[in-house]
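1. Quick one: sequence plus predicted model below, questions after.
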Amino acid sequence: MTTVLQSDMLCFDYANATLTKSRKKWHSLFVTIYCSRKFSSLVVKSSTSKHESDVVRRSPSYVSLNVVPQSSAFGIDQTALVELVKEKKVERLQKHGGVNGVASDLGTDTRVGISGSTEDVVCRREAFGSNTYKKPPTKGFFHFVIEAFRDLTIMILLGCAALSLGFGIKEHGLKEGWYDGGSIFVAVFLVIAVSAISNYRQNRQFDKLSKVSNNIQIDVVRGGRRQQISIFDIVVGDIVCLKIGDQVPADGLFIDGHSLQVDESSMTGESDHVEVNGSRNPFLLSGTKVADGYARMLVTSVGMNTTWGQMMCQISRDNDEETPLQARLNKLTSAIGKVGLAVAVLVLVILLVRYFTGNTTDEKGNREFNGSKTKTDDIINAVVGIVAAAVTIVVVAIPEGLPLAVTLTLAYSMKRMMADQAMVRKLSACETMGSATTICTDKTGTLTLNQMKVTKFWLGQESMEEEGATASSISPFVVDLIHQGVALNTTGSVYRAASGAEFEFSGSPTEKAILSWAVMEMKMDMETMKKSCSIIQVEAFNSQKKRSGVLIGRNDDDTVHVHWKGAAEMILAMCSTYYDASGVVKDLIDAERTKFEQIIQGMAASSLRCIAFAHKQVPDEECQNLEEQKRLKEDSLTLLGLVGIKDPCRPGVKKAVEDCQYAGVNIKMITGDNVFTARAIATECGILKPGQDMSSGVVVEGEEFRNYTPEERMEKVEKIRVMARSSPFDKLLMVQCLKQKGHVVAVTGDGTNDAPALKEADIGLSMGIQGTEVAKESSDIVILDDNFASVATVLRWGRCVYTNIQKFIQFQLTVNVAALCINFVAAVSAGEVPLTAVQLLWVNLIMDTLGALALATERPTKELMEKPPVGRTEPLITNIMWRNLLAQALYQIAVLLTLQFSGESIFGVTEKVNDTLIFNTFVLCQVFNEFNARKLEKKNVFEGIHKNKLFIGIIGTTILLQVVMVEFLKRFADTERLNWGQWGACIAMAAVSWPLGWVVKCLPVPEKHIFSYLKWRK
């Protein structure tokens, strides 16, 4: 037993050693579940065998019945189904009568699937469970409240509030003494509540997006009809169709298929692909990925009854991802916080020195500290007040609103991007997309509609459309071969509910177009074809070879044939003869081959995708060799025909390409189509200009690009606009070259083989409709409608995120600089802080949370696409921002210090009213400056303001609450009521920031960053 366990553990240890940290958690769970089962089974076996012969058991005086709970509707129970796949023992499967026996027990027809009726699905769900996982409980609201309480400055403030409250009640009694301490408590709790609500809402937003991203569409067969359903709707007994790049949605058994290779690394850690077939290994595990081939599987376990489900329930999605911009802002916050802390400590020392040297007086003009005559309670009370003031300066100085602003703007933009057909999987992609300098895009489905239709058919060197030919006018022998080549060499299917009903075609758009043409034009009967032949071997299509092949045996004469289908020039290169319309085989001499190449080029120049069909009968002796070598005959084939498939450009794609180019972003088209088709589509989309010189390396083929020397590639990569006949490796190579040249690269991809390029790119964009699950998992953003216009929208949103955060930084730093300077100067000169702890906390609230909400939710504007992309190393705070914020901060400091030292004489008011004027003017300055922050460069700050109702609402709320603070919360906010004239004066002083902002924006700024001069001088 020890040996067995050791060998098993060694296997898992090796797997874990090769894993990244992020995956180890998954595998440790898998190992735990596996080993506990293995251990318990071995212990049971060994203990039984050891003592069985030694013990003589007496007959029991009762009858023991082993009752197995089993659904009356099905011939097999859940436990047996679970163990069947987990143990992976073919012998156990054979005891149940193989896959067909299990299917029979589950009431499934392996050809037509389950009935799919509501009653049937509900019955199966009740008997075997649903395909959903129990997740750890989501973080509740109080989790975020506790998180907010853990902030050090908040804890110090609460301590100060508690001491102030205690001493106040002791000195003045409960009725009067609670105001100072209670006010700080209320203000702190308000800040905590707003912070917790913001974080809680953002967390809920991510949970919703997580549910959407996990809702994969799966192909199933129900009632003989192939259809797409949600992964959550799959039930035990379903027949699932799998193809390259799919995720296996549940545990199950292989029914039929070809060349099926599965990547089980997510479960076992083994990187080698596992071959799944009907004889040796028919077991499929949930959560694994199809690496090659295609198959149909019978679902045996779903949801929590799968190993994947047991792992999923113990792992919650980590939403604490820190984006690059958040990391930069945390550094900025830390730097500003240190400055604020230094100022606060200085203020604390100065105020304490002034107090203990007898330089401070109370409201009646008496000295506050008189040595030993002063009560201990009074000293402690005064010290607590000074500490509270110093801590509040730290609270205002530390711009904790910066990370919150990023979170808010990212959460908001993610929600809006979802409505604009882009689902963000990785937060950092939102902001990185704003810096993109190059977009490498696919053609099919992204620039084109992906609504394909066969519009040209050439048999031999005759165009069948021009000749007016139909299936009846072509040799029956050739028609039969075309039917074979289409019906048996496809991953698509044809369904017809009843005779006379409409045909339903499923599969990829190319497959559907060919099947539709074969059935409607060439009168193909799919079912008859499939019954007349048996498939021996299959080579599935992949984007490297750009072709698929099948080896079949005819049932009527036992002959073996090979059929190939794929990119026209590649299939043509494999042929040595061709059929004409009458069925005569002709040699493909050089002159004839040239004519065919011209036909292909002619179709390609008309933006048609060219597909060729080829065939060859294989002699028996050669057939055996091919089967042993697991390959198909690839030479001396006979060309059957050529079809041209039209895939029109998407409406609006040309405008989207022009918008991106205008914004300084290069668009490169990378496609598997031939160079003529690629050129025609690129010209139609505006990537190439009509009449552009093609000889200058603007259009290249993948092979040509691959064969360049590294130096040549680096030299030519920026000129290239179109790369045709490219492989996924060529796409990866281009991304690497562009990144080396300093570009920020976004790449679109839909196939499994695109995964390396999607991961390598700065922003990976996968396709929601045509994209495989492997491609989606490798990407940062999923384009839900596969439309290039949505890629341009993502670019616009990326720039919007970056700009919104810059707006908020400018607004926040203006307040920080002004507040710190005013408090410091006042403390040093007058020995008191003009703004109380409660007032500063209120400024902190409107600045951090409400300000972040107002500025972080600005929508994208046209001018965003009029600027060049922001480089990787561009500073976050630009010269323009420094100009704006320093001008406003200096104005606020000048006005408020004037009020501090001369306000009482200017307005003829008491000290208390003057302090209220300072507080009111300071807050109103921030309200007016919030408008200035909306536009960093434009002078008209009101443009488009009517579209942002949230901004107007926040401004209105801030003003209303400020009126309440000043006029009605006298004891709470430590303010005095102001008359109309004083309110007018406050508003007039604050409103000067608008014309000041306009004038300042007329001043030019140097292109070189301010701090680069300091570095140069050093």
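-> Good, I have the coordinates.

2. From Met574, how far off is the residue lying closest to Arg547 once chain neighbours are set aside?
-> Here the nearest residue to Arg547 in space, its sequence neighbours aside, is Gly566; by Cβ to Cβ, 6 or more residues apart in numbering that works out to 2.7 Å. Quick note: C-beta positions are derived from backbone N, CA and C, even for glycine. Note on Gly566: its distance to Met574, by Cβ to Cβ, to the nearest Å, is 9 Å.

3. ditto for Ser463
-> If you measure Ser463 against Met574 using Cβ to Cβ, the figure is 23 Å.

4. what about the nearest residue to Val145 once chain neighbours are set aside, how many neighbours?
-> If the residues on either side of it in the chain are set aside, Val145 comes closest to Ala196, at 4.5 Å by Cβ to Cβ, 6+ apart. Other residues lying near Ala196 total 19 when counted by other Cβ atoms under 10 Å.

5. In a strand, Ala196, correct?
-> No: the assignment for Ala196 by DSSP: H, G, I helix; E, B strand; the rest coil gives helix, which leaves it out of any strand.

6. Surely it and Phe141 touch.
-> Yes: the criterion here is Cβ atoms under 8 Å, and Ala196 meets it with Phe141 at 6.5 Å.

7. downstream neighbour of the longest helix belonging to the chain in the secondary structure list?
-> The single longest helix within the chain, with elements called by DSSP state H, is helix 788-830. Note on helix 788-830: by DSSP states H and E, the next helix or strand toward the C-terminus is helix 837-845.

8. Check which helices and strands that following helix is in contact with.
-> Contacts of helix 837-845 with other secondary structure elements, assessed using 3 or more Cβ pairs under 8 Å, 6 or more residues apart in numbering; DSSP states H and E, are made with helix 152-177, helix 179-214, helix 376-397, helix 788-830, helix 911-933, helix 970-973.

9. would a markdown table of those with distance to Asp420 be doable?
-> Putting the helices and strands packed on helix 837-845 into a markdown table (distance: least, Cβ to Cβ, whole Å) gives the following:
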| stretch | distance to Asp420 |
| --- | --- |
| helix 152-177 | 38 |
| helix 179-214 | 14 |
| helix 376-397 | 37 |
| helix 788-830 | 5 |
| helix 911-933 | 25 |
| helix 970-973 | 43 |
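
10. Stretch 521-535: end-to-end distance?
-> Distances were taken as Cα to Cα, to the nearest Å; on that basis the terminal residues of stretch 521-535 are 25 Å apart.

11. tell me the secondary structure for Trp258?
-> That one is not Trp; residue 258 is His. When the rule is three-state DSSP, His258 gets the label strand.

12. Show the contacting residues for it.
-> By Cβ atoms under 8 Å, 6 or more residues apart in numbering, the contact list for His258 reads Gly293, Tyr294, Ala295, Ile535, Gln537, Val538, Ala540.

13. out of those residues, which one sits closest to Thr444?
-> In terms of Cβ to Cβ, no member of these lies closer to Thr444 than Ala540, at 18.2 Å.

14. now the residue nearest to the closest one when sequence neighbours are not counted, what's its secondary structure?
-> In this structure, Ala540 finds its nearest non-sequential neighbour in Gly293, 5.1 Å apart by Cβ to Cβ, 6+ apart. Applying three-state DSSP to Gly293 yields a three-state assignment of strand.

15. Whichever strand or helix holds the residue nearest to Arg547 pairs with which strands, and in what direction?
-> The secondary structure element spanning Gly566 is strand 560-567 (assigned by DSSP H and E). Next to strand 560-567 in the sheet, as set by DSSP bridges, lie strand 547-554 (antiparallel), strand 608-618 (antiparallel).

16. Please give the centre-to-centre distance between that strand and its chain.
-> In this view, strand 560-567 has its centroid 39 Å away from the chain centroid, taken as Cα atoms, centre = their mean, to the nearest Å.

17. go on, stretch 834-847?
-> Per Cα atoms, centre = their mean, the displacement of stretch 834-847 from the mean C-alpha position of its chain is 38 Å.

18. Tell me how far the helix or strand containing Cys241 lies from the chain's centre.
-> Following DSSP H and E, the helix or strand that holds Cys241 is strand 239-242. For strand 239-242, the distance from its own C-alpha centre to the chain's C-alpha centre is 26 Å (Cα atoms, centre = their mean).

19. Does anything pack onto it? Which helices or strands?
-> Secondary-structure packing of strand 239-242 (3+ Cβ pairs under 8 Å, 6+ apart): strand 217-222, strand 251-263, strand 289-301.

20. can I assume the residue nearest to Ala540 is in contact with Gly245?
-> No: under the contact definition of Cβ under 8 Å, Gly293 does not touch Gly245, with a separation of 11.2 Å.

21. and the end-to-end length of stretch 579-587?
-> The stretch stretch 579-587 measures 9 Å between its terminal residues, going by Cα to Cα.

22. got the buried residues for that stretch?
-> By neighbour count, and taking 16 or more other Cβ atoms under 10 Å as the criterion, the buried residues in stretch 579-587 are Tyr579, Ala581, Gly583.

23. ok, now stretch 479-494?
-> Neighbour-count burial for stretch 479-494, with 16+ other Cβ under 10 Å as criterion, is recorded at 479, 481-494.

24. Relative to Ala161, which of those residues is nearest.
-> Thr491 (69.0 Å).

25. a strand runs through the closest one, doesn't it?
-> No: with three-state DSSP as the criterion, Thr491 is located in coil rather than a strand.

26. Show me which of the contacts of His258 are buried.
-> Applying a neighbour-count criterion of 16+ other Cβ under 10 Å, the buried members of the contacts of His258 are Gly293, Tyr294, Ala295, Gln537, Val538, Ala540.

27. Tell me where the stretch 451-600 of the chain is predicted with low confidence.
-> Residues of the stretch 451-600 of the chain meeting the criterion pLDDT under 70: 466-472.

28. Check the buried ones among the contacts of His258 and tell me the two furthest apart.
-> In the buried ones among the contacts of His258, the most distant members under the criterion Cβ to Cβ are Ala295 and Gln537, with 14.2 Å between them.

29. residues touching Ser668, list them.
-> Actually, residue 668 is Lys. It isn't Ser. Counting by Cβ under 8 Å, 6+ apart, Lys668 makes contact with Thr438, Ile439, Cys440, Thr441, Ile687, Ile720, Arg721, Val722, Met723, Met734.

30. Now for the residues you listed: which two are most distant?
-> For those, and using Cβ to Cβ, no pair is farther apart than Ile687 and Met734, which are 14.6 Å apart.

31. how much space between the residue nearest to Ala540 and Gly252?
-> Relative to Gly252, Gly293 is positioned 16 Å away (criterion: Cβ to Cβ).

32. Likewise for Lys759?
-> Using Cβ to Cβ, which is the criterion applied here, Lys759 is 29 Å from Gly252.

33. just Arg425 next, same as before
-> 27 Å.

34. Which of those two has more residues huddled nearby?
-> Gly252 (33 against 17).

35. of the contacts of Lys668, closest to Asn804?
-> Relative to Asn804, the closest of these is Ile439; by Cβ to Cβ it sits at 22.1 Å.

36. how about that closest one, secondary structure?
-> For Ile439, the secondary-structure state derived from three-state DSSP is strand.

37. Quick check: phi and psi on the residue lying farthest from the centre of the chain?
-> No residue in the chain sits farther from the centre than Lys373, which is 68.2 Å out by Cα atoms, centre = their mean. Per-residue torsions, Lys373: phi -70, psi -20 (degrees, to the nearest 10).

38. Report the contact partners of it.
-> For Lys373, no contacting residues are found, by Cβ under 8 Å, 6+ apart.

39. mind checking how far it is from Val744?
-> Distance of Lys373 to Val744, computed by Cβ to Cβ: 70 Å.

40. before we move on, what about Gly566?
-> Separation of Gly566 from Val744 (Cβ to Cβ) stands at 35 Å.
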